[in-house]
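Student: this is the structure alone, sequence omitted:
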């Protein structure tokens, strides 16, 4: 009986300990997984792991049109793109027409979008759910991962420090 209470206590403590957006990523410091994805439009440029090697840090955002929090974070992605930051999109298990309507209505911050219809590439990145955002250095290595919708505080603490930006300008 005491063992059951002890187990319950440990489970309860683990359940409410820490910040759920700071999920560990086994890939931090590792090269991004190899992948090649088609674009949203037939014949359009998609996204591949080779595209992530740009010589400067980039942002990779995992999103879907059916994701409410993705809509909430979208203005922050637009602001990053407006500051000249390269933002790539990984469209997760989405209908291509719905995804095109989403960015058509809200704006397109993405330099390139890969359509991950089966979700396999997101799994390879260790994605738990959408939205999730990664910062990838110029050599294609993952340096940061943020789970959940971006907000001003998360941009300032989790994203911008890895992009070598003036925090006051890019988070407006």
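Tutor: Yes, it's here. Since we're looking at a predicted model, the values are computed, not measured.
Student: might one say that residue 69 is in contact with residue 151?
Tutor: No: with contacts counted by C-beta atoms under 8 Å, residue 69 stays clear of residue 151, the gap being 10.0 Å. (C-beta placed from N, C-alpha, C; glycine too.)
Student: in this protein, which residue is closest to the centre?
Tutor: With distances taken as C-alpha atoms, centre = their mean, the residue of the chain nearest its centroid is residue 133 (2.0 Å).
Student: ok, it - contacts?
Tutor: In this structure, residue 133 makes contact with 59-62, 73, 145-146, 150, 158-159, judged by C-beta atoms under 8 Å, 6 or more residues apart in numbering.
Student: okay, and the beta partners of residue 116?
Tutor: For residue 116, the beta-bridge partners are residue 92 (DSSP bridges).
Student: surely it touches residue 96?
Tutor: No: in this structure, residue 116 is not within contact of residue 96 by C-beta under 8 Å, at 11.3 Å.
Student: more neighbours, the two?
Tutor: residue 116 (26 against 17; other C-beta atoms under 10 Å).
Student: any idea how far residue 88 is from that one?
Tutor: 12 Å (C-beta to C-beta, to the nearest Å).
Student: part of a strand, is residue 133?
Tutor: Yes: counting by DSSP: H, G, I helix; E, B strand; the rest coil, residue 133 is located in a strand.
Student: who is it paired with across the strands?
Tutor: residue 61, residue 146.
Student: got a pLDDT number for it?
Tutor: Per-residue pLDDT puts residue 133 at 97.
Student: likewise residue 31?
Tutor: Reported pLDDT for residue 31: 96.
Student: same question, residue 42
Tutor: For residue 42, the pLDDT comes out at 83.
Student: so it lies in a helix, does it not?
Tutor: No: going by three-state DSSP, the assignment for residue 42 is coil, not a helix.
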